[in-house]
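Colleague: Show me the folded form of this:
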Amino acid sequence: MTIRIVVADDHALFRSGLRALLERESDFEIVGEAASGPETVKAVAQHEPDILILDLSMPGGMAGAQVAEAVLEHQPELGVVVLTMHEDEYYLKQLLRIGAQAFLLKKSDAEEMVQAIRAVSRGSVYVDPSLTHLLVPSFVGKPAKKQKRPGMLGLLTKREVEVCGELALGHTNVEVGEKLFISERTVETHRTNIMNKLELKNRAELVRFAIENGLLNLG
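Modeller: Numbers count the residues shown, from 1 in each chain. Okay, the predicted model is just below:
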């Protein structure tokens, strides 16, 4: 199955190098490029890719977070891989809440980029090891001050809460089943119930809910 990708970065040389790198993978296809925020929104609407590689610092009057929010509103299943030059805690957490699923420093090596794209294409979350300390600790075990779905956590059973947390960390149904000692089919049943009860449309919304309600367990 081909993974269709749009690359958004304001430096043509960087886009060219990234294209050359990614096209080495037989199942990767670069279907579009963009050099600004508005161009990115247009390219995603035109090409409907599976993955958007998005530079956090984009010109054109739209910040990276605004671009991510705009494209995910119209294509909720889009996988967003965020690139950044700096370890910026505020913007990375903001993008995670919006629904971006992978975060890489621009200095990351080629292997990490490929791993991130493949992880996101499977619906998982991928974080550059250098950024983990910024994205995870303050979320773990701490409900957000402002919850978009107040009281919704109480709709889930104890087991559904456990499954929700594991799925939010990017684990497959099989992996969740092995960890919780239940069958893959049971995990899928719990997942369906979770999505229906919370009125979630995709994994990005599930990840956001888990973060907002302190369900991530990295221990």
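
Colleague: For the residue located most distally from the centre of the chain, give its distance to L167.
Modeller: In the chain, counting by C-alpha atoms, centre = their mean, F181 sits farthest out from the average C-alpha position, at 26.9 Å. Taking C-beta to C-beta, to the nearest Å as the measure, F181 falls 16 Å from L167. The way it works is simple: take the backbone N, C-alpha and C, and place the C-beta from them, glycine included.

Colleague: List the contacts of whichever helix in the chain runs longest.
Modeller: The single longest helix within the chain, with elements called by DSSP state H, is helix 184-198. If you take C-beta atoms under 8 Å, 6 or more residues apart in numbering as the criterion, helix 184-198 is touched by 149, 152, 155-156, 159-160, 163-164, 167, 173-174, 176-177, 180, 200-201, 206, 209.

Colleague: List the ones among those that fall in helices.
Modeller: Using DSSP H, the contacts of helix 184-198 in helices are 159-160, 163-164, 167, 173-174, 176-177, 180, 206, 209.

Colleague: where along this structure do the helices fall?
Modeller: Counting by DSSP H, the helices of the chain are 12-22, 37-47, 64-74, 89-98, 110-121, 132-135, 158-168, 173-180, 184-198, 203-212.

Colleague: ok so, going back, can you go through the contacts of helix 184-198 and name the buried ones?
Modeller: Among those, the ones that count as buried by 16 or more other C-beta atoms under 10 Å are 152, 156, 160, 163-164, 167, 173, 176-177, 180, 200, 206, 209.

Colleague: Out of those residues, which is nearest to V31?
Modeller: L206 (26.8 Å; C-beta to C-beta).

Colleague: Need the nearest residue in space to the closest one, chain neighbours excluded.
Modeller: With C-beta to C-beta, 6 or more residues apart in numbering as the criterion, L206 has its nearest non-adjacent residue at 5.3 Å, and that residue is L200.

Colleague: D128 touches F103, doesn't it?
Modeller: Yes: contact criterion C-beta atoms under 8 Å: D128 and F103 qualify, at 5.8 Å.

Colleague: Who has more neighbours out of these two?
Modeller: Comparing D128 with F103 by neighbour count (other C-beta atoms under 10 Å), the higher total belongs to F103, at 26 against 23.

Colleague: what's the more buried one in contact with, if anything?
Modeller: 81-82, 84, 92, 95-96, 126-128, 131, 135.

Colleague: Format these as a markdown table; extra columns: pLDDT.
Modeller: Formatted as a markdown table, the contacts of F103 follow (pLDDT from 0 to 100):
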| residue | pLDDT |
| --- | --- |
| V81 | 94 |
| V82 | 92 |
| T84 | 82 |
| L92 | 73 |
| L95 | 80 |
| L96 | 78 |
| Y126 | 83 |
| V127 | 81 |
| D128 | 78 |
| L131 | 69 |
| L135 | 54 |
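
Colleague: Dump those into TSV; add distance to D9 as well.
Modeller: Below are those laid out as TSV (distance: C-beta to C-beta, whole Å):
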residue	distance to D9
V81	12
V82	11
T84	11
L92	17
L95	16
L96	20
Y126	18
V127	20
D128	16
L131	18
L135	21
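
Colleague: Number of residues surrounding L92?
Modeller: What L92 shows, counting by other C-beta under 10 Å, is a neighbour count of 23.

Colleague: And for the one 4 residues further on?
Modeller: The number of residues packed near L96 is 23, by other C-beta under 10 Å.
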